[in-house]
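Asks: only the shape, not the letters, is given here:
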């Protein structure tokens, strides 16, 4: 069961509980069901955390791939520049063209790296928001559970 499903099930148990007359916020709940859901949450959280770690690993791979592609682009640009420079009549034009190719490759490499970082940052931000929301809901459910147990 996923964390969200466990939390929804906890909410259902709380909604299905019956309240004590003349008491505010106190109710009888199915303790066994709460224990089962708590165990499900304990099992589901490592999965969600491993997914977040996988996202971080993907970020590293994306950045590595971007660096490799940038290096390849720069190497190809440098190769083309060497060939062009070898021609006597086109030496000046070749120098200008090679500089432009090199600059374009560097700009493209920076753009790829920035896009990869932005993409991974967005994924990590969403994962962080989901996890923080889940943790907040879990803490609230535990607080409610403790309040119910004290009654």
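Replies: Great, that's in hand. These figures come from a predicted structure and were not determined experimentally. Residues are numbered from 1 along each chain as shown.
Asks: do a quick rundown of the helices in the chain.
Replies: Using DSSP state H, the helices found in the chain span residues 3-16, 31-85, 91-150.
Asks: test for you: state the pLDDT assigned to the most centrally placed residue in the chain.
Replies: Centroid-nearest residue in the chain, with C-alpha atoms, centre = their mean: residue 124, separated by 2.7 Å. Per-residue confidence at residue 124 stands at 93 (pLDDT).
Asks: skipping adjacent residues, who's closest to it in space?
Replies: Nearest non-adjacent residue to residue 124, counting by C-beta to C-beta, 6 or more residues apart in numbering: residue 55, 5.9 Å away. From N, CA and C alone the C-beta is placed, and that goes for glycine too.
Asks: from what I see, that neighbour and residue 127 are in contact.
Replies: Yes. Residue 55 is within contact range of residue 127, at 5.7 Å (criterion: C-beta atoms under 8 Å).
Asks: looking at the two, which is more packed in?
Replies: residue 127 (18 against 15; other C-beta atoms under 10 Å).
Asks: any idea how far residue 61 is from the more buried one?
Replies: 16 Å (C-beta to C-beta, to the nearest Å).
Asks: and if you look at residue 43?
Replies: Noted for residue 43: a distance of 28 Å to residue 61, by C-beta to C-beta.
Asks: so where's this protein uncertain?
Replies: For the chain, the stretches with pLDDT under 70 are 1, 84-90, 151.
Asks: switch to 80 and redo it
Replies: Where the chain drops to pLDDT under 80, the residues are 1-3, 19-25, 27, 43-50, 81-94, 151.
Asks: residues near residue 5, how many?
Replies: Counted by other C-beta under 10 Å, the residues lying close to residue 5 total 13.
Asks: what residues does it make contact with?
Replies: With contacts taken as C-beta atoms under 8 Å, 6 or more residues apart in numbering, residue 5 has the following neighbours: 40, 44.
Asks: go with 6 Å
Replies: Residue 5 makes no contacts at all, as judged by C-beta atoms under 6 Å, 6 or more residues apart in numbering.
Asks: swap in the one 4 residues further on?
Replies: In this structure, residue 9 makes contact with residue 37, judged by C-beta under 6 Å, 6+ apart.
Asks: burial of the spatially closest residue to residue 48 that is not a sequence neighbour, as a residue count?
Replies: Nearest in space to residue 48, with sequence neighbours left out and distances taken as C-beta to C-beta, 6+ apart, is residue 3 at 5.5 Å. Applying other C-beta under 10 Å, we find 22 residues neighbouring residue 3.
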